[in-house]
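Chemist: can you look at this prediction? I've put the sequence above it.
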Amino acid sequence: MKKSLFLSMLIMSVVLVACNNDRYTISGVIDGAPDSTEIYLLNYDANEPIDTTLILNGKFSFEGTTDMSYMAMVANMQANMPVIIEPGCNVEIDLSNQKFVKANKMNNDLGLFLDSFNQLNERYMAISDSLMALVENGALTMEEAQPIFVEKVEGIDQPVIEVMEELLTRHNNDILGIMLLETYISTGVDDEKIDAVLEDMGEVVTTSPKIAPIVESHKKMRETAPGSQFVDFTIEQEDGTTVSLSDYVGKGKYVLVDFWASWCGPCRKSMPRLIELYNQYHAKGLEILGVAVWDKPANTLQAIEEEKMPWPQIINAQEVPTNLYGITGIPHLIFFAPDGAIVTRGLPSDELFDTVKAAFDQE
């Protein structure tokens, strides 16, 4: 009886030692790398080196200790691959093909995501290569190929989106969840889906430096969705005066506000269409207001002159309005009703411009 109790305690102590092991090993193979070339283990977020070793006979290995889980990147001049480092983990990778040969549960799920993402990239490249071949032999021009590419890739990312949605249910409060959620939101899924996913995320994910700003931005987007009242802001101008959004919005007229920057190609490309809209409906009461964000005032003023924008501008707004309205990319248009309520918002599009036109054509 005492002997079996002793054996049970011994087995338990071995298990506890194994679970408390803080060492990790990341080994792997890579095709075509010359002997004695360097390969790096980098911090995924900061891109700073954690360790460096040499490739010998197409193989490499990193060893170290850690008391926490974090995302790293194995990289050299030929290839790179994310890896999750955890206490006690022993991982083997095929760097050339971005695959895990041996992995713990966390890295195995990371591998499922990488596989689906790489398959998506292969599909993108196949479509792109086929169209470029037609351009090169003269069957299509580049201008003709671009809309065909957009049409062919429509919905092509749905399989990887579904993989991420499934994985996020298992990794809603860990380091992998951070990477998955950041990628998931970047795919452009609709706000309702993002809301549903965010509701299930734990604090490890939602308070992380990468995700916290996204969560806050999404919150501001919901607070300034169509139907809500405008949120005011005030910006000091170059001459020392101040100008506010409320100087223009909520004054009894429809106002289309264009958040833009001089360096933004799509912003500049949309200007002729905005000028056309302004010329057509300004006499009927449409006002357009430019709000220059993330830009140097001198560059903004030069672009205003070059594009011959006839409407007033708020200069040097930087991140103030984009933070308030949850804007993560420009150009971004917000159409305000005469009472200051938001009618619609988003990228310049036929639907948005049709909404502006309808406000005046029905009068």
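Modeler: Great, that's in hand.
Chemist: which residues does stretch 52-60 contact?
Modeler: For stretch 52-60, the surrounding residues in contact (C-beta atoms under 8 Å, 6 or more residues apart in numbering) are 27-41, 61-62, 76. Every residue, glycine included, has its C-beta placed from N, CA and C.
Chemist: put the buried members of the residues you listed into a PyMOL selection.
Modeler: Command for PyMOL that selects the buried part of those, burial taken from 16 or more other C-beta atoms under 10 Å:
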select buried, resi 27+28+29+30+33+39+40+41+62
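Chemist: in strands only, show me the contacts of stretch 52-60.
Modeler: Judged by DSSP state E, strands contain the following of the contacts of stretch 52-60: 27-29, 38-41, 61-62.
Chemist: could I get the residues you listed as CSV with distance to residue 297 and pLDDT?
Modeler: Listed next are these as CSV, based on distance: C-beta to C-beta, whole Å; pLDDT from 0 to 100:
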residue, distance to residue 297, pLDDT
27, 53, 96
28, 50, 96
29, 53, 97
38, 44, 95
39, 45, 96
40, 41, 97
41, 43, 97
61, 53, 97
62, 48, 97
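Chemist: and which of those is nearest residue 298?
Modeler: residue 40 (40.0 Å; C-beta to C-beta).
Chemist: check contacts around that closest one.
Modeler: Neighbours of residue 40 in contact, by C-beta under 8 Å, 6+ apart: 49, 51-52, 73-76.
Chemist: of those residues, which is the most crowded?
Modeler: residue 74 (23 neighbours; other C-beta atoms under 10 Å).
Chemist: okay, the nearest residue to it once chain neighbours are set aside: pLDDT?
Modeler: Excluding its sequence neighbours, the residue lying closest to residue 74 (C-beta to C-beta, 6 or more residues apart in numbering) is residue 81, at 5.2 Å. For residue 81, the pLDDT comes out at 96.
Chemist: do residue 15 as well
Modeler: 36.
Chemist: mind showing which ranges of the protein have poor pLDDT?
Modeler: Filtered on pLDDT under 70, the chain yields the residue ranges 1-20, 363.
Chemist: domain-wise, how is it divided?
Modeler: For the chain, automatic domain parsing gives the domain ranges 21-103, 109-223, 234-361.
Chemist: and the longest one, how far from the chain's centre?
Modeler: Yep, that's domain 234-361 we're talking about. Relative to the centre of its chain, domain 234-361 is centred 24 Å away, using C-alpha atoms, centre = their mean, to the nearest Å.
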